[in-house]
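structure here, sequence nowhere to be found:
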């Protein structure tokens with residue numbers, strides 16, 4: 001298992017010429033994240049949306065794979081294993097400049113699985129990541145604003161499939177944005193499911209179902 005003392009702080013990088021800068025807030029990490037590639041933002045969304053992911057770190061350091069040094073794009077801790085994630089279509093570590101103020105962190109690829117992710121895999125998940133780009137702002141903007149009793153009440157309400165429209169109407173004493181934040185928080189932690197979000201845009205007709213109504 002990876003030594004978390006060496007994979008909890010991102011490597012500081014110089015901005016590649018012509019690259020866009022993407023910044024976001026990670027509810028899982030309770031801090032901001034920053035990327036210079038759209039593909040990295042999409043991979044982060046997949047990790048953020050996966051309830052089996054306990055924690056992760058972007059740009060944890062460099063690994064030697066097939067005699068080439070690669071910047072691992074993420075280190076990820078799941079409930080049952082750790083892994084390094086390398087987006088195979090991006091630049092090799094030797095082509096990316098580390099900040100001179102930060103030493104290069106060398107990682108041992110043998111202590112965790114290494115998973116290569118191709119652009120086709122990210123493209124196939126585009127509907128899901130687009131939906132999570134819409135969902136995460138509700139979680140971020142309403143942190144601490146959701147009453148502790150609301151998520152449990154929603155779990156009981158969605159013991160069978162319910163549309164988002166019906167869920168909002170089912171809690172008229174709460175603001176719709178707070179109901180959404182509570183519902184999306186349950187989705188984020190894996191207590192409710194909305195399988196249609198894998199292929200269809202989020203809407204008032206999106207159906208949500210509790211995975212464990214007794215929890």
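Nice, I can see it. Predicted, not measured: the structure shown is a model, and the values here were computed from it.

CA atoms for contacts and neighbours, from now on please.
Will do.

mind checking which helix or strand the residue most central in space within the chain is in?
Residue closest to the average C-alpha location in the chain (C-alpha atoms, centre = their mean): residue 48, at 1.5 Å. In this structure, residue 48 sits in helix 38-49 according to DSSP states H and E.

show me what that helix is packed up against.
On a contact count with 3 or more C-alpha pairs under 8 Å, 6 or more residues apart in numbering; DSSP states H and E, helix 38-49 meets strand 22-26, helix 119-124, helix 126-141.

thinking again about what came up before, am I right that the residue nearest to the centre of the chain is in contact with residue 26?
Yes. Between residue 48 and residue 26 there is a contact under C-alpha atoms under 8 Å: 7.2 Å.

residues in contact with the residue nearest to the centre of the chain?
26, 27, 28, 188 (C-alpha atoms under 8 Å, 6 or more residues apart in numbering).

kindly report the same for residue 211.
190, 191, 192, 193.

how near is the third one to residue 71?
Between residue 192 and residue 71 the distance, using C-alpha to C-alpha, to the nearest Å, works out to 35 Å.

who's more crowded, the two?
More crowded of residue 192 and residue 71, by other C-alpha atoms under 10 Å: residue 71, with 30 against 23.

that one against residue 63, yeah?
Yes. If you go by C-alpha under 8 Å, residue 71 and residue 63 touch, sitting 6.4 Å apart.
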